[in-house]
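# Model the following, please.
(one chain, ligands or ions: 1)
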Amino acid sequence: HLSRLPCGSRLLDLSRPQVMGILNVTPDSFSDGGRFTARDAALRHAEQMVAAGATLIDIGGESTRPGARAVSPTEELERVAPVVEAIARQLDVIISVDTSTPAVMRESARLGAGLINDVRSLQRDGALDAAADTGLPVCLMHMRGEPGNMQDDPQYPDIVAEVRDFLVERMAACATAGIPAERILLDPGFGFAKTLEHNLALFKRMSELSALGRPLLVGVSRKSMIGKVLGHEVGGRLYGSLALAALALTKGAHILRVHDVAETVDVVRMIAAVEAAQ
Ligand SMILES: Nc1nc2[nH]c(SCC(=O)O)nc2c(=O)[nH]1
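Numbers count the residues shown, from 1 in each chain. A predicted model of the protein is given here:
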(Lines give C-alpha, C1' and ligand atoms only; values in the text may rest on other atoms or scores of the structure.)
Protein backbone atom coordinates (compact mmCIF):
# COMPACT_ATOMS: atom_id res chain seq x y z
CA HIS A 1 0.00 0.00 0.00
CA LEU A 2 0.91 3.64 -0.02
CA SER A 3 2.73 3.88 3.27
CA ARG A 4 1.22 7.35 3.64
CA LEU A 5 -2.49 7.63 2.88
CA PRO A 6 -3.65 11.23 2.29
CA CYS A 7 -6.58 11.96 4.63
CA GLY A 8 -7.59 15.50 3.76
CA SER A 9 -4.75 17.74 4.91
CA ARG A 10 -3.13 14.96 6.97
CA LEU A 11 -1.27 11.75 6.16
CA LEU A 12 -2.06 8.33 7.70
CA ASP A 13 1.08 6.25 8.18
CA LEU A 14 0.07 2.76 7.04
CA SER A 15 3.58 1.35 7.43
CA ARG A 16 2.69 0.59 11.05
CA PRO A 17 -0.57 -0.20 12.91
CA GLN A 18 -2.73 2.78 13.94
CA VAL A 19 -5.26 3.10 16.75
CA MET A 20 -8.59 4.79 16.01
CA GLY A 21 -10.39 6.08 19.10
CA ILE A 22 -14.19 5.79 19.17
CA LEU A 23 -16.12 8.96 19.95
CA ASN A 24 -19.84 8.33 20.15
CA VAL A 25 -21.94 11.48 20.00
CA THR A 26 -25.22 9.59 20.16
CA PRO A 27 -27.54 9.29 23.15
CA ASP A 28 -27.91 5.53 22.67
CA SER A 29 -24.49 4.18 21.73
CA PHE A 30 -24.23 1.08 23.81
CA SER A 31 -20.85 1.70 25.36
CA ASP A 32 -20.83 5.33 26.40
CA GLY A 33 -24.17 6.61 25.18
CA GLY A 34 -25.31 9.88 26.65
CA ARG A 35 -21.99 10.78 28.21
CA PHE A 36 -20.58 12.55 25.18
CA THR A 37 -23.57 14.32 23.66
CA ALA A 38 -22.14 17.68 24.78
CA ARG A 39 -19.57 19.02 22.36
CA ASP A 40 -17.08 20.05 25.03
CA ALA A 41 -17.23 16.66 26.69
CA ALA A 42 -16.65 15.09 23.29
CA LEU A 43 -13.66 17.36 22.68
CA ARG A 44 -12.17 16.43 26.08
CA HIS A 45 -12.65 12.75 25.35
CA ALA A 46 -11.01 13.12 21.93
CA GLU A 47 -8.15 15.04 23.55
CA GLN A 48 -7.60 12.19 26.03
CA MET A 49 -7.57 9.59 23.27
CA VAL A 50 -5.07 11.58 21.18
CA ALA A 51 -2.85 12.03 24.23
CA ALA A 52 -3.04 8.26 24.72
CA GLY A 53 -1.80 7.65 21.18
CA ALA A 54 -4.85 7.55 18.89
CA THR A 55 -3.98 8.89 15.44
CA LEU A 56 -7.59 8.76 14.26
CA ILE A 57 -10.83 9.68 16.03
CA ASP A 58 -14.04 8.07 14.74
CA ILE A 59 -17.07 10.29 15.28
CA GLY A 60 -20.44 8.58 15.00
CA GLY A 61 -23.79 10.33 15.25
CA GLU A 62 -25.92 7.24 14.57
CA SER A 63 -25.83 4.23 16.83
CA THR A 64 -25.66 1.14 14.63
CA ARG A 65 -25.96 -1.47 17.34
CA PRO A 66 -28.59 -4.12 16.65
CA GLY A 67 -32.09 -2.65 17.07
CA ALA A 68 -30.89 0.94 17.29
CA ARG A 69 -33.44 3.68 16.58
CA ALA A 70 -33.00 5.40 13.19
CA VAL A 71 -31.79 9.02 13.32
CA SER A 72 -32.74 11.77 10.85
CA PRO A 73 -29.99 13.27 8.67
CA THR A 74 -30.64 16.65 10.30
CA GLU A 75 -30.32 15.25 13.81
CA GLU A 76 -27.18 13.32 12.83
CA LEU A 77 -25.63 16.46 11.33
CA GLU A 78 -26.47 18.51 14.44
CA ARG A 79 -24.66 15.94 16.60
CA VAL A 80 -21.62 15.42 14.39
CA ALA A 81 -20.78 18.77 12.76
CA PRO A 82 -19.97 20.75 15.93
CA VAL A 83 -17.69 17.99 17.17
CA VAL A 84 -15.86 17.62 13.84
CA GLU A 85 -15.37 21.38 13.72
CA ALA A 86 -14.06 21.63 17.29
CA ILE A 87 -11.65 18.71 16.92
CA ALA A 88 -10.42 19.85 13.50
CA ARG A 89 -9.63 23.24 15.00
CA GLN A 90 -8.01 22.12 18.22
CA LEU A 91 -6.43 18.68 17.84
CA ASP A 92 -3.74 17.23 15.58
CA VAL A 93 -5.55 14.05 14.58
CA ILE A 94 -7.28 12.49 11.57
CA ILE A 95 -11.04 12.76 11.94
CA SER A 96 -13.01 9.78 10.67
CA VAL A 97 -16.73 10.32 10.37
CA ASP A 98 -18.84 7.22 10.94
CA THR A 99 -21.85 7.99 8.73
CA SER A 100 -23.96 6.67 5.85
CA THR A 101 -25.55 10.08 5.22
CA PRO A 102 -24.36 12.07 2.17
CA ALA A 103 -24.98 15.47 3.77
CA VAL A 104 -22.97 14.49 6.83
CA MET A 105 -20.12 13.30 4.60
CA ARG A 106 -20.04 16.57 2.68
CA GLU A 107 -20.31 18.88 5.70
CA SER A 108 -17.80 16.88 7.75
CA ALA A 109 -15.27 17.01 4.91
CA ARG A 110 -15.82 20.76 4.63
CA LEU A 111 -15.20 21.10 8.38
CA GLY A 112 -11.95 19.12 8.23
CA ALA A 113 -12.74 15.40 8.44
CA GLY A 114 -10.07 13.23 6.80
CA LEU A 115 -11.78 9.84 6.39
CA ILE A 116 -15.28 8.59 5.62
CA ASN A 117 -16.23 5.49 7.58
CA ASP A 118 -19.53 4.14 6.25
CA VAL A 119 -20.83 0.91 7.78
CA ARG A 120 -23.24 0.73 4.80
CA SER A 121 -20.38 0.98 2.27
CA LEU A 122 -21.88 3.95 0.40
CA GLN A 123 -25.10 2.10 -0.52
CA ARG A 124 -27.46 4.92 0.39
CA ASP A 125 -28.71 7.20 -2.41
CA GLY A 126 -26.15 9.90 -3.11
CA ALA A 127 -23.48 8.40 -0.85
CA LEU A 128 -21.10 7.31 -3.63
CA ASP A 129 -21.21 10.78 -5.22
CA ALA A 130 -20.86 12.55 -1.89
CA ALA A 131 -17.85 10.44 -0.92
CA ALA A 132 -16.29 10.86 -4.36
CA ASP A 133 -16.77 14.64 -4.22
CA THR A 134 -15.02 14.92 -0.85
CA GLY A 135 -11.86 13.36 -2.28
CA LEU A 136 -11.38 11.61 1.08
CA PRO A 137 -10.42 7.96 1.64
CA VAL A 138 -13.34 5.68 2.47
CA CYS A 139 -13.64 2.65 4.73
CA LEU A 140 -15.99 0.01 3.27
CA MET A 141 -17.44 -2.46 5.77
CA HIS A 142 -19.41 -5.71 5.36
CA MET A 143 -23.01 -5.64 6.58
CA ARG A 144 -26.21 -7.17 5.22
CA GLY A 145 -29.60 -5.56 5.98
CA GLU A 146 -30.00 -2.83 8.60
CA PRO A 147 -29.25 -2.64 12.35
CA GLY A 148 -32.93 -3.32 12.97
CA ASN A 149 -32.95 -6.68 11.18
CA MET A 150 -29.33 -7.66 10.48
CA GLN A 151 -29.20 -10.15 13.36
CA ASP A 152 -32.38 -12.00 12.33
CA ASP A 153 -30.81 -15.36 11.59
CA PRO A 154 -28.01 -14.32 9.16
CA GLN A 155 -26.83 -17.33 7.11
CA TYR A 156 -23.88 -17.64 4.71
CA PRO A 157 -22.31 -20.76 3.09
CA ASP A 158 -18.86 -19.25 3.76
CA ILE A 159 -18.65 -16.02 5.77
CA VAL A 160 -15.19 -15.11 4.45
CA ALA A 161 -16.26 -15.54 0.82
CA GLU A 162 -19.39 -13.51 1.61
CA VAL A 163 -17.36 -10.65 3.09
CA ARG A 164 -14.72 -10.77 0.36
CA ASP A 165 -17.25 -10.81 -2.49
CA PHE A 166 -19.27 -7.99 -0.88
CA LEU A 167 -16.20 -5.79 -0.46
CA VAL A 168 -15.04 -6.52 -4.03
CA GLU A 169 -18.46 -5.48 -5.33
CA ARG A 170 -18.45 -2.26 -3.25
CA MET A 171 -14.92 -1.42 -4.40
CA ALA A 172 -16.11 -1.82 -8.00
CA ALA A 173 -19.03 0.53 -7.30
CA CYS A 174 -16.55 3.00 -5.81
CA ALA A 175 -14.27 2.78 -8.83
CA THR A 176 -17.22 3.47 -11.13
CA ALA A 177 -18.12 6.52 -9.00
CA GLY A 178 -14.57 7.86 -9.20
CA ILE A 179 -13.22 6.59 -5.90
CA PRO A 180 -10.02 4.70 -6.81
CA ALA A 181 -8.80 1.63 -4.94
CA GLU A 182 -5.96 3.69 -3.46
CA ARG A 183 -8.56 5.59 -1.40
CA ILE A 184 -10.24 2.47 0.00
CA LEU A 185 -9.87 0.80 3.40
CA LEU A 186 -11.64 -2.51 4.01
CA ASP A 187 -13.39 -3.77 7.15
CA PRO A 188 -14.92 -7.23 7.84
CA GLY A 189 -17.73 -5.65 9.89
CA PHE A 190 -17.56 -7.73 13.06
CA GLY A 191 -20.92 -7.83 14.80
CA PHE A 192 -22.91 -6.72 11.76
CA ALA A 193 -25.32 -9.32 10.34
CA LYS A 194 -23.19 -12.11 11.81
CA THR A 195 -23.63 -14.85 14.41
CA LEU A 196 -20.95 -15.51 17.01
CA GLU A 197 -19.70 -18.38 14.86
CA HIS A 198 -19.53 -16.11 11.81
CA ASN A 199 -17.57 -13.51 13.79
CA LEU A 200 -15.08 -16.04 15.17
CA ALA A 201 -14.53 -17.82 11.83
CA LEU A 202 -14.13 -14.48 10.05
CA PHE A 203 -11.66 -13.28 12.66
CA LYS A 204 -9.67 -16.52 12.41
CA ARG A 205 -9.40 -16.21 8.61
CA MET A 206 -9.14 -12.40 8.45
CA SER A 207 -5.72 -12.53 6.77
CA GLU A 208 -7.42 -13.93 3.64
CA LEU A 209 -8.92 -10.46 3.11
CA SER A 210 -5.44 -9.01 2.72
CA ALA A 211 -5.47 -10.61 -0.74
CA LEU A 212 -7.76 -7.74 -1.77
CA GLY A 213 -4.68 -5.53 -1.56
CA ARG A 214 -6.11 -2.82 0.69
CA PRO A 215 -5.46 -1.90 4.35
CA LEU A 216 -7.74 -3.56 6.89
CA LEU A 217 -9.65 -1.69 9.60
CA VAL A 218 -10.90 -3.91 12.44
CA GLY A 219 -13.55 -3.02 15.01
CA VAL A 220 -14.20 -5.59 17.75
CA SER A 221 -13.76 -3.40 20.84
CA ARG A 222 -16.22 -4.35 23.60
CA LYS A 223 -18.47 -6.11 21.07
CA SER A 224 -20.98 -8.85 21.85
CA MET A 225 -18.76 -11.55 20.31
CA ILE A 226 -16.50 -10.97 23.32
CA GLY A 227 -19.43 -10.85 25.71
CA LYS A 228 -20.84 -14.12 24.37
CA VAL A 229 -17.53 -15.99 24.75
CA LEU A 230 -16.56 -14.59 28.15
CA GLY A 231 -19.99 -13.93 29.67
CA HIS A 232 -19.11 -10.33 30.47
CA GLU A 233 -21.18 -7.17 30.03
CA VAL A 234 -19.77 -4.19 28.07
CA GLY A 235 -17.80 -2.82 31.03
CA GLY A 236 -16.00 -6.13 31.50
CA ARG A 237 -14.79 -6.68 27.95
CA LEU A 238 -11.43 -4.85 28.09
CA TYR A 239 -9.23 -7.93 28.40
CA GLY A 240 -11.11 -9.73 25.63
CA SER A 241 -10.83 -6.62 23.45
CA LEU A 242 -7.07 -6.46 24.00
CA ALA A 243 -6.67 -10.16 23.21
CA LEU A 244 -8.42 -9.61 19.88
CA ALA A 245 -6.46 -6.41 19.22
CA ALA A 246 -3.20 -8.34 19.54
CA LEU A 247 -4.51 -11.21 17.39
CA ALA A 248 -5.81 -8.82 14.72
CA LEU A 249 -2.35 -7.27 14.40
CA THR A 250 -0.79 -10.70 13.85
CA LYS A 251 -3.43 -11.31 11.18
CA GLY A 252 -2.57 -8.16 9.22
CA ALA A 253 -4.91 -5.46 10.57
CA HIS A 254 -3.66 -1.90 9.94
CA ILE A 255 -6.16 0.14 11.98
CA LEU A 256 -7.77 -0.91 15.26
CA ARG A 257 -11.05 0.88 16.11
CA VAL A 258 -11.25 0.86 19.91
CA HIS A 259 -12.73 2.47 23.02
CA ASP A 260 -9.70 1.78 25.23
CA VAL A 261 -6.92 3.66 23.44
CA ALA A 262 -4.08 3.71 25.99
CA GLU A 263 -4.41 -0.01 26.66
CA THR A 264 -4.51 -0.85 22.96
CA VAL A 265 -1.51 1.38 22.19
CA ASP A 266 0.47 -0.67 24.71
CA VAL A 267 -0.50 -3.84 22.81
CA VAL A 268 0.59 -2.25 19.50
CA ARG A 269 3.92 -1.11 20.98
CA MET A 270 4.75 -4.50 22.54
CA ILE A 271 4.05 -6.32 19.27
CA ALA A 272 6.08 -3.71 17.35
CA ALA A 273 9.01 -4.20 19.73
CA VAL A 274 9.03 -7.95 19.18
CA GLU A 275 8.66 -7.61 15.41
CA ALA A 276 11.55 -5.12 15.30
CA ALA A 277 13.91 -7.63 16.95
CA GLN A 278 16.38 -9.68 14.86
N1 LIG B 1 -15.48 0.70 10.22
C2 LIG B 1 -16.21 0.31 11.29
N3 LIG B 1 -17.10 1.16 11.83
C4 LIG B 1 -17.81 0.73 12.89
N5 LIG B 1 -18.78 1.37 13.59
C6 LIG B 1 -19.21 0.51 14.56
S7 LIG B 1 -20.47 0.92 15.68
C8 LIG B 1 -20.74 -0.51 16.63
C9 LIG B 1 -19.77 -0.69 17.78
O10 LIG B 1 -18.77 0.06 17.89
O11 LIG B 1 -20.01 -1.62 18.56
N12 LIG B 1 -18.56 -0.66 14.48
C13 LIG B 1 -17.67 -0.54 13.43
C14 LIG B 1 -16.73 -1.44 12.84
O15 LIG B 1 -16.54 -2.60 13.26
N16 LIG B 1 -16.03 -0.96 11.76
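# Report the separation between the residue lying closest to residue 221 once chain neighbours are set aside and residue 16.
In space, residue 221 comes closest to residue 258 once its chain neighbours are excluded; the distance is 4.1 Å by Cβ to Cβ, 6 or more residues apart in numbering. For the C-beta atoms, the positions are set from N, CA and C on the backbone; glycine is no exception. Residue 258 sits 16 Å away from residue 16, taking Cβ to Cβ, to the nearest Å as the criterion.
# quick one: which of the two has more around it?
Shown here are residue 258 and residue 16; by other Cβ atoms under 10 Å, residue 258 has more neighbours (28 against 11).
# Tell me the bridge partners for the more buried one.
According to DSSP bridges, the residues that bridge with residue 258 are residue 21.
# Spit out the contact partners of it.
Residue 258 makes contacts with 19, 20, 21, 22, 219, 221, 241, 245, 264, as judged by Cβ atoms under 8 Å, 6 or more residues apart in numbering.
# Surely the first one forms part of a strand?
Yes: per DSSP: H, G, I helix; E, B strand; the rest coil, residue 19 lies within a strand segment.
# Pull the contacting residues for it.
For residue 19, the contacting residues are 53, 54, 55, 56, 255, 256, 258, 261, 264, 265, 268, taking Cβ under 8 Å, 6+ apart as the criterion.
# Could you rerun that using 7 Å?
For residue 19, the contact set (Cβ atoms under 7 Å, 6 or more residues apart in numbering) comprises 53, 54, 55, 256, 258, 261, 264, 265, 268.
# can you count the residues close to the residue in the stretch 101-250 of the chain that the ligand sits nearest to?
Residue nearest to the ligand within the stretch 101-250 of the chain: residue 219 (2.4 Å; Cβ to the nearest ligand atom). Using other Cβ under 10 Å, residue 219 has 26 other residues around it.
# What separation is there between the nearest residue to it once chain neighbours are set aside and residue 271?
The shortest distance from residue 219 to any non-neighbouring residue, by Cβ to Cβ, 6+ apart, is to residue 257 (3.8 Å). If you measure residue 257 against residue 271 using Cβ to Cβ, the figure is 17 Å.
# likewise residue 104?
When distances are taken as Cβ to Cβ, residue 104 and residue 271 turn out to be 34 Å apart.
# What of residue 47?
Distance from residue 47 to residue 271, by Cβ to Cβ: 26 Å.
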